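> need a 3D model of the sequence below.
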Amino acid sequence: MAEITMYTDGASQGNPGPGGYGVVLISGPYRKELSAGYAHTTNNRMELLAVIVGLEALKREGEQVTVYSDSRYVVDAVEKGWVFAWEKKGFNGKKNPDLWKRFLSVYRRHRVRFVWVKGHAEIPENERCDRLAVAAASSDHLMEDVGYQAEEGTMFG
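All right, here's what the predicted structure looks like:
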């Protein structure tokens, strides 16, 4: 199996505000780009959702994946083991438990390594993810981030 390289980024216009994520997946000669926007969310949620969506897009289990992200929130939570401690405590008092649970489910299906990269440092694929995320956040077709709405206690029908 070829190793998969994944670049991810999240953006929000206001925090909270409209947000989006961008993902670039590369495996050998193959490349796939993913993005989506949400009406009311946070930057951290979009950074984490980018990784989740990228991993969920993989067709086979057990893939070797290197994720490049400029999010200390995501990279440190995994590489320093914080998310596993949060899980043991039921994510009590932690933000974004819906996304962290979803992340752990897909993360455990693959062999994933994270690499932190400096944002806006002219790394082509990271810059592409940023453009995808910003464009998604600016789209006329924004979805509702139901997990964020629920966390905030917002009622909507």
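> and stretch 97-112, which residues are buried?
97-100, 102-103, 106-107, 110, 112 (16 or more other Cβ atoms under 10 Å). For glycine as for every other residue, the C-beta is placed from the backbone atoms N, C-alpha and C.
> apologies, that question was intended for stretch 11-26.
11-12, 16, 18-26.
> between these, which sits nearest residue 37?
Of all the buried residues of stretch 11-26, residue 37 sits closest to residue 20, with 3.9 Å by Cβ to Cβ.
> just checking, residue 73 touches residue 44?
Yes: if you go by Cβ atoms under 8 Å, residue 73 and residue 44 touch, sitting 4.9 Å apart.
> and the two? which has more neighbours close in?
residue 44 (20 against 17; other Cβ atoms under 10 Å).
> any idea of the mean pLDDT in the helix or strand harbouring residue 134?
If you go by DSSP states H and E, residue 134 is part of helix 124-137. The average pLDDT within helix 124-137 is 97.
> use 49 as the first number for this chain going forward.
Fine by me, first position is 49 from now on; the one you just mentioned is helix 172-185.
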